[in-house]
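Asker: Quick one: sequence and predicted model below, then my questions.
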Amino acid sequence: MTLPLADALKGRLIVSCQAPPGDPMRHTDTLVRMTLAARAGGAAAVRVNDPEVVAAAVAAVDLPVIGLWKDGDSGVFITPTVRHALALVDAGAAVVAADATARPRPDGSTFADLVEAVHEAGALVMADVSTFEEGREAAEQGADLVGTTLSGYVPGSPVQTAPDLALVADLAAALTVPVIAEGRIATPAQAAAALAAGAHSVVVGTAITAPTALTASFVKGLDG
Ligand SMILES: CC(=O)N[C@H](C=O)[C@@H](O)[C@H](O)[C@H](O)COP(=O)(O)O
């Protein structure tokens, strides 16, 4: 089955509009403005953290919203439980992005439980994975999209400064669901390379929507 949403995302850019805790940009109206800027620039969808921001973005921007809910900062913390996932659906997310790594979830549920609950509630699921095996299993468990989001951030995946295009290529060759390239895509050329490697769509966050981190990288460059 081809999902209409997947058709709308094919070959296109998804902009992640997030700000970490304590960042001056972590402000709902500011993040919504980022989603509007992403739309004005031609993005096909936005990826947004926290049900409050998801609801505000859904009301403001005429694009599909991929919602996640980061809760905590260790172990499984991207939409870790069924409760978090359903709150995102209630907020209007078209797609719920959730950690699909092979680690225990805080409510003792499985990724398959989350997929079932989100599907019953009428939304789709993007599996954030760190390895090929996790991506394969997530697709088997019903994920509608599989993203390379967590490669480099979970033990067992390669730590690198570049995007994990090898993982994109391996997943794209093996899966029938769309594979989304996400993580450390810093230039238009890298985004194009991700599509060439087989990605269905490309998510870019920091390089577009993180002025604090970008400023720090320039300051570090000047420090030599
Ligand atoms: C690992 C993790 O927690 N990734 C998060 C997932 O939503 C975000 O912090 C990233 O900004 C996002 O994946 C986009 O990646 P990049 O900012 O590298 O373009």
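Answerer: Looks like it came in fine.

Asker: What separation do you get for the residue in the chain that the ligand sits nearest to and L214?
Answerer: The ligand sits closest to G205 of the chain, with a gap of 2.9 Å, by C-beta to the nearest ligand atom. C-betas here are computed from N, CA, C, even on glycine. With the distance defined as C-beta to C-beta, to the nearest Å, G205 ends up 11 Å from L214.

Asker: And the pLDDT at the residue of the chain closest to the ligand?
Answerer: With respect to pLDDT, G205 has a value of 98.

Asker: that older thread, so G205 and L214 - more neighbours on which side?
Answerer: When G205 and L214 are compared for neighbours, G205 comes out ahead with 20 against 14, by other C-beta atoms under 10 Å.

Asker: Who are the contact partners of the residue nearest to the more buried one when sequence neighbours are not counted?
Answerer: By the measure of C-beta to C-beta, 6 or more residues apart in numbering, the closest residue to G205 outside its immediate chain neighbours is S16, 3.2 Å from it. The neighbours of S16, taking C-beta atoms under 8 Å, 6 or more residues apart in numbering as the test, are V46, R47, V48, E182, V203, V204, G205, I208, T209.

Asker: Neighbours of the fourth one, how many?
Answerer: Per other C-beta under 10 Å, the neighbour tally for E182 reads 28.

Asker: Surely it is in contact with G152?
Answerer: No. With contacts defined as C-beta atoms under 8 Å, E182 does not count as touching G152, sitting 10.8 Å away.

Asker: ok, back up a step: ramachandran coordinates for the residue nearest to G205?
Answerer: As for S16, its main-chain torsions (degrees, to the nearest 10) stand at phi -90, psi 120.

Asker: Dig out what it forms beta bridges with.
Answerer: Listed beta-bridge partners, S16: R47 (assigned using DSSP bridges).

Asker: Please tell me how far it sits from R184.
Answerer: To R184, S16 is 12 Å away according to C-beta to C-beta.

Asker: which residues in this structure form helices?
Answerer: Using DSSP state H, the helices found in the chain span residues 4-9, 28-40, 51-60, 82-90, 111-120, 132-140, 165-174, 188-196, 206-209, 211-222.

Asker: Make JSON lines from those and add distance to V76 to it.
Answerer: Written out in JSON lines, the entries for the helices of the chain read as follows (distance: least, C-beta to C-beta, whole Å):
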{"stretch": "helix 4-9", "distance to V76": "25"}
{"stretch": "helix 28-40", "distance to V76": "23"}
{"stretch": "helix 51-60", "distance to V76": "18"}
{"stretch": "helix 82-90", "distance to V76": "10"}
{"stretch": "helix 111-120", "distance to V76": "9"}
{"stretch": "helix 132-140", "distance to V76": "12"}
{"stretch": "helix 165-174", "distance to V76": "19"}
{"stretch": "helix 188-196", "distance to V76": "25"}
{"stretch": "helix 206-209", "distance to V76": "22"}
{"stretch": "helix 211-222", "distance to V76": "24"}
